[in-house]
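Asks: here is my input; please provide its structure:
(chains A and B)
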Amino acid sequence: MKIVVCAKYVPDAQGDRSFSSDNTTDRQGADGLLSELDEYAVEEALKLVETADGEVVILTMGPDDAADAVRKSLQMGAHSGVHVLDDALHGSDAPATSLVLAKAVEKIGESGAVDLVVTGMASTDGSMSVVPAMLAERLGLPQVTYASELTVDGRTVTIRRDGDASTETIEASLPALVSVTDQINEPRYPSFKGIMAAKKKPVETWSVADLGVDASEVGLEAAWTRVAASTERPPREAGQVVADEGDGGAKLAEFLTGRKFV
Amino acid sequence: MAEVLVLVDHVDGTVRKTTHELLTIARRLGEPSAVFVGNGYDTAKESLATYGAVTVYQVTDPEVDQYLVAPKAEVLAQLVEQTSPAAVLIASSAEGKEIAARLAVKTSSGLITDAVDVQPGGSGPVTTQSVFAGSYTVEATVTTGTPIITVKPNSAAPEQAPTTPQEQAVEVTLSDAAKTARVTDRKPREKSGRPELTEAAIVVSGGRGTGGDFAAVEAFADALGAAVGASRAAVDAGWYPHANQVGQTGKTVSPQLYVAAGISGAIQHRAGMQTSKAIVAVNKDEEAPIFELVDFGVVGDLFAVLPAAAEAIEKHKA
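Replies: Residues are numbered from 1 along each chain as shown, chains lettered A, B, ... in the order given. Okay, here's the model as predicted:
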């Protein structure tokens, strides 16, 4: 089984995130890392190839530092990586991102058909949760998303999807696109052996031209939306904090009735 | 006046409050047209008319519900083609965002997700989003194609504007590509009897500090008529259902009042509740970052503070 996992390099949510002067996410000024939610995708792919033979290819798109996201995934146990790196990609919106990733998946498929494309449920920076669905649409693959449980039996993939109103069982034939939630597994930490082995694993770097995508189709200028303004939210004004000395409950009730919540 | 398509979010015809909010927003931008897909239109009819749907497009083809997301995107793409709407508004749920995503690619249209406000502008709708765990506010517009916007619950106060909708049955022929991910089983979620988490005016959430005992949190929520939420730590420990998780990988809530009990306030949790109007916390640890956000906080044991507060509230109500 050949699995492509899409992995994103994002600014660390624990640090101060901000926007650049062109209203794109500042990816220089903040420390970055593999999006936490993509670790679940890497883990699930690794589990699948452990039980059935196969390989896991990590696909990322992003600036130079995004290579870190590939490296971390290789350290966890993935077999090879592809980094789509091109200045033209700066400021790409979700439709352009999905276009580039779709073309890259197709190119990865040239050296052996891809059975599964696995992604996380969202990135931790943009957090739109739309690229998996867009990728399925563009690749013409069954969209099997928000998996909290996943099984592959022969050529059939089955997931449990916890929707708003119901829990659904979704089934599709391979090849398919799957996105996984943080409920699905417990991602492994890279072992020392894994860290050493990753150094020898192949990583290819592709430009948009390598994918047959015209530079005018991607990037900030080609985006179908425009951010007119980004403003830092003023910090919340410090509220009142009291220590409970037997009267904490009464004081809390007093606050709530005073503010007409009761 | 151009139509604004609103995808109706409903369970067997019971229309969710978010749809009333979307119809209210749609009226600012043009003439609201509701798109009703699935069973139960007779139940939904009155509510859509009350909140101002001038036209209702009805899709009753049972096949649409048998596959995940893709058929609904095809239905909307067909309607966008037919009606050239000023915008398409969809509820910002997991499914809503996926439908919007596919629709954007199908129609080569810009997509904005998780809007907390939508206002008319000189060149189309202007949206407001709250990003980076609520630390930034962003204003954006769609510059290509039909503006496709997913809107978060509680982004507008629903306003009634009674109409007599013109009803149009829509025939769809689903492509083979839309029929690849089959829904083979669907188990409705058990009803708690409490308000819907994302729609509630008050949310009371419990975290690690509950030690797995949510009784005090639930009793306090009931005293306030609130929905019950849980932190990721509590959900991961198996103490409360994932459907109630508030945070980055759960629900985002924006109630009038959010009460965090035994929740430290990690960034992942803040991402799901930071835009709440008022925030209250009860936590044993006075250093917990949640106290940086609160309007009112109590440093203390939630098992002592919440029952005492609930009792005082019940007395006040009596």
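
Asks: now stretch B:155-169, how far from the centre of its chain.
Replies: Between the centre of stretch B:155-169 and the centre of its chain there are 19 Å (C-alpha atoms, centre = their mean, to the nearest Å).

Asks: repeat for stretch B:305-318
Replies: Computed by C-alpha atoms, centre = their mean, the separation of stretch B:305-318 from the middle of its chain amounts to 30 Å.

Asks: stretch B:112-120 too?
Replies: So, by C-alpha atoms, centre = their mean, the centroid of stretch B:112-120 is 13 Å from its chain's centroid.

Asks: ok, stretch A:159-169 next?
Replies: On C-alpha atoms, centre = their mean, the centre of stretch A:159-169 falls 20 Å from that of its chain.

Asks: likewise for stretch A:94-107?
Replies: Counting by C-alpha atoms, centre = their mean, stretch A:94-107 is centred 14 Å from the centre of its parent chain.

Asks: ok, stretch A:5-18 next?
Replies: The chain centroid and the centroid of stretch A:5-18 are separated by 9 Å under C-alpha atoms, centre = their mean.

Asks: and it, what's buried?
Replies: A:Val5, A:Cys6, A:Ala7, A:Lys8, A:Tyr9, A:Val10, A:Pro11, A:Ala13, A:Arg17 (16 or more other C-beta atoms under 10 Å in any protein chain shown). No exception for glycine: its C-beta is placed from N, CA and C like everyone else's.

Asks: ok, stretch B:35-44 next?
Replies: Here stretch B:35-44 shows B:Val35, B:Phe36, B:Val37, B:Gly38, B:Tyr41, B:Ala44 as buried, counting by 16+ other C-beta under 10 Å.

Asks: tell me the confidence at the first one?
Replies: At B:Val35 the predicted local confidence, pLDDT, stands at 98.

Asks: mind listing the helices for chain B?
Replies: Counting by DSSP state H, chain B has helices at residues B:17-29, B:41-50, B:70-83, B:94-107, B:215-224, B:232-236, B:267-270, B:302-317.

Asks: run the angle between the first one and helix B:94-107 for me.
Replies: I take that to be helix B:17-29. Per axes from the mean of the first three to the mean of the last three C-alpha atoms, to 10 degrees, the angle that helix B:17-29 makes with helix B:94-107 is 40 degrees.

Asks: before we move on, back to that, output the buried residues of stretch A:5-18 in TSV; the columns should cover pLDDT and secondary structure.
Replies: Below are the buried residues of stretch A:5-18 laid out as TSV (pLDDT from 0 to 100; DSSP: H, G, I helix; E, B strand; the rest coil):
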residue	pLDDT	secondary structure
A:Val5	98	strand
A:Cys6	98	strand
A:Ala7	97	coil
A:Lys8	96	coil
A:Tyr9	95	strand
A:Val10	94	strand
A:Pro11	91	strand
A:Ala13	84	coil
A:Arg17	88	coil
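
Asks: so which of those reach chain B?
Replies: A:Ala13, A:Arg17 (C-beta under 8 Å from any C-beta of the partner chain).

Asks: the helices of chain B: lowest mean pLDDT?
Replies: Minimum mean pLDDT among those: helix B:267-270, a mean of 92.

Asks: for it, the distance to its chain's centre please.
Replies: Remark: helix B:267-270 is offset 18 Å from the chain centroid, using C-alpha atoms, centre = their mean.

Asks: check stretch A:255-262 too.
Replies: The answer for stretch A:255-262 is 41 Å, by C-alpha atoms, centre = their mean.

Asks: what's it in contact with?
Replies: With contacts defined as C-beta atoms under 8 Å, 6 or more residues apart in numbering or on different chains, stretch A:255-262 is touched by A:240, A:253, B:202, B:224, B:256-257, B:278, B:280, B:295-296, B:309, B:313, B:316-317.

Asks: what's the closest of the residues you listed to B:Leu22?
Replies: B:Leu22 lies nearest to B:Gln256 out of the contacts of stretch A:255-262, by C-beta to C-beta, at 20.0 Å.

Asks: list phi and psi for the closest one.
Replies: B:Gln256 has phi and psi values of phi -70, psi -40 when expressed as degrees, to the nearest 10.

Asks: quick one: neighbours of it, just the number.
Replies: 15 (other C-beta atoms under 10 Å in any protein chain shown).

Asks: wait, isn't it in contact with B:Glu199?
Replies: No - judged on C-beta atoms under 8 Å, B:Gln256 makes no contact with B:Glu199 at a distance of 11.7 Å.

Asks: how about B:Leu29, what does it touch?
Replies: B:Val4, B:Ala86, B:Ala87, B:Val118, B:Pro120, B:Pro125 are the contacts of B:Leu29 under C-beta under 8 Å, 6+ apart.

Asks: dump the residue contacts of the fourth one.
Replies: Just to be clear, that refers to B:Val118. By C-beta under 8 Å, 6+ apart, B:Val118 lies in contact with B:Ile25, B:Arg28, B:Leu29, B:Ala87, B:Leu89, B:Pro125, B:Val126, B:Thr127, B:Thr128, B:Ile149, B:Val151, B:Ser155.

Asks: how close does it get to A:Leu89?
Replies: Computed as C-beta to C-beta, to the nearest Å, the B:Val118 to A:Leu89 distance reads 29 Å.

Asks: chain center to stretch B:53-72, what's the gap?
Replies: 19 Å.

Asks: tilt between the lengthiest strand in chain B and helix B:17-29?
Replies: Of all the segments of type strand in chain B, defined by DSSP state E, the longest one is strand B:111-119. Put simply, strand B:111-119 runs at 70 degrees to helix B:17-29, going by the same axes, to 10 degrees.

Asks: ok, strand B:111-119: who's next to it in the sheet?
Replies: With DSSP bridges as the test, strand B:111-119 is paired with strand B:126-131 (antiparallel), strand B:148-151 (parallel).

Asks: got the buried residues for that strand?
Replies: Neighbour count says strand B:111-119 has B:Leu111, B:Ile112, B:Thr113, B:Asp114, B:Ala115, B:Val116, B:Asp117, B:Val118 buried, by 16+ other C-beta under 10 Å.

Asks: pLDDT on it, on average?
Replies: Averaged over strand B:111-119, pLDDT sits at 96.

Asks: quick one, what contacts B:Asp61?
Replies: B:Asp61 touches B:Glu171, B:Val172, B:Leu174, counting by C-beta under 8 Å, 6+ apart.

Asks: quick one: buried ones out of these?
Replies: For the contacts of B:Asp61, a burial check counting by 16+ other C-beta under 10 Å picks out B:Val172, B:Leu174.

Asks: can you redo the contacts of B:Asp61 as TSV with pLDDT and distance to A:Leu99?
Replies: Compiled in TSV, the contacts of B:Asp61 are given as follows (pLDDT from 0 to 100; distance: C-beta to C-beta, whole Å):
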residue	pLDDT	distance to A:Leu99
B:Glu171	91	31
B:Val172	89	26
B:Leu174	93	24
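
Asks: name the nearest of the contacts of B:Asp61 relative to A:Ile159.
Replies: A:Ile159 has its nearest neighbour among the contacts of B:Asp61 in B:Leu174, at 21.3 Å by C-beta to C-beta.

Asks: returning to that earlier point: of the contacts of B:Leu29 - the most surrounded one?
Replies: Counting by other C-beta under 10 Å, top hit in the contacts of B:Leu29: B:Val4 with 27 neighbours.

Asks: specify the beta-bridge partners of it.
Replies: Here B:Val4 sits in beta bridges with B:Pro32, B:Ala87, going by DSSP bridges.

Asks: which residues touch it?
Replies: B:Ala26, B:Leu29, B:Gly30, B:Glu31, B:Pro32, B:Ser33, B:Pro85, B:Ala86, B:Ala87, B:Val88, B:Leu89.
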